[in-house]
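K.L.:
A predicted structure for the sequence below; I have some questions about it.
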Amino acid sequence: MSKRKISKKMIQIITQKRIRTLFSLAESKVKQKDITLANRYIIHARNLSMKNVSPIPHDLKHKYCKYCYSYLYPQLTCRIRINHGRIIKQCFHCKKITRIPLK
């Protein structure tokens, strides 16, 4: 018997669904104040996207810190400010600042 081949497009669809579920699990864990487990979910989602060469969806890219890979949730894990047409996010874990332009 030969194994059935799965197309690359199907692998990317499955990976995207898995990444979205991991981000939703991370958000629920942060709300329950279990920040370390939420960060593990983010690292796992990132590893999945790198392994299967599937990008993290655009709406989820700004939900984690690009430096320490911790989940960013306002008032619990990050500070969000709006200044001079930019969103400024400061991670409480690594103290790095990310600036995102407003459109």
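P.N.:
Done, it's in.

K.L.:
how close does the most centrally placed residue in the chain get to Lys51?
P.N.:
The chain has Tyr64 as the residue nearest its centroid, 4.6 Å off, counting by CA atoms, centre = their mean. Applying CB to CB, to the nearest Å, the value for Tyr64 to Lys51 is 17 Å. The C-beta positions use only the backbone N, C-alpha and C, and glycine is treated the same way.

K.L.:
Same question for Thr15.
P.N.:
Distance, Thr15 to Lys51, by CB to CB: 8 Å.

K.L.:
Can you pick out the residue with more neighbours from these two?
P.N.:
Thr15 (19 against 9; other CB atoms under 10 Å).

K.L.:
secondary structure class for that one?
P.N.:
Assigned with DSSP: H, G, I helix; E, B strand; the rest coil, Thr15 falls in the helix class.

K.L.:
just the strands in this structure please.
P.N.:
78-83, 86-91, 97-101 (DSSP state E).

K.L.:
buried residues in the second one?
P.N.:
What it means is strand 86-91. For strand 86-91, burial by neighbour count (16 or more other CB atoms under 10 Å) applies to Lys89, Cys91.

K.L.:
Export that strand to CSV, keeping only CA atoms.
P.N.:
C-alpha atoms of strand 86-91 as CSV (Å, rounded to 0.1, in the frame of the first residue of the first chain):
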residue,chain,number,x,y,z
ARG,A,86,1.2,55.4,15.8
ILE,A,87,0.1,52.6,18.1
ILE,A,88,2.9,52.0,20.7
LYS,A,89,3.0,48.7,22.4
GLN,A,90,5.4,48.0,25.3
CYS,A,91,5.9,44.4,26.4
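
K.L.:
Remind me what it packs against, helices and strands.
P.N.:
Strand 86-91 sits against strand 78-83, strand 97-101, with contacts defined as 3 or more CB pairs under 8 Å, 6 or more residues apart in numbering; DSSP states H and E.
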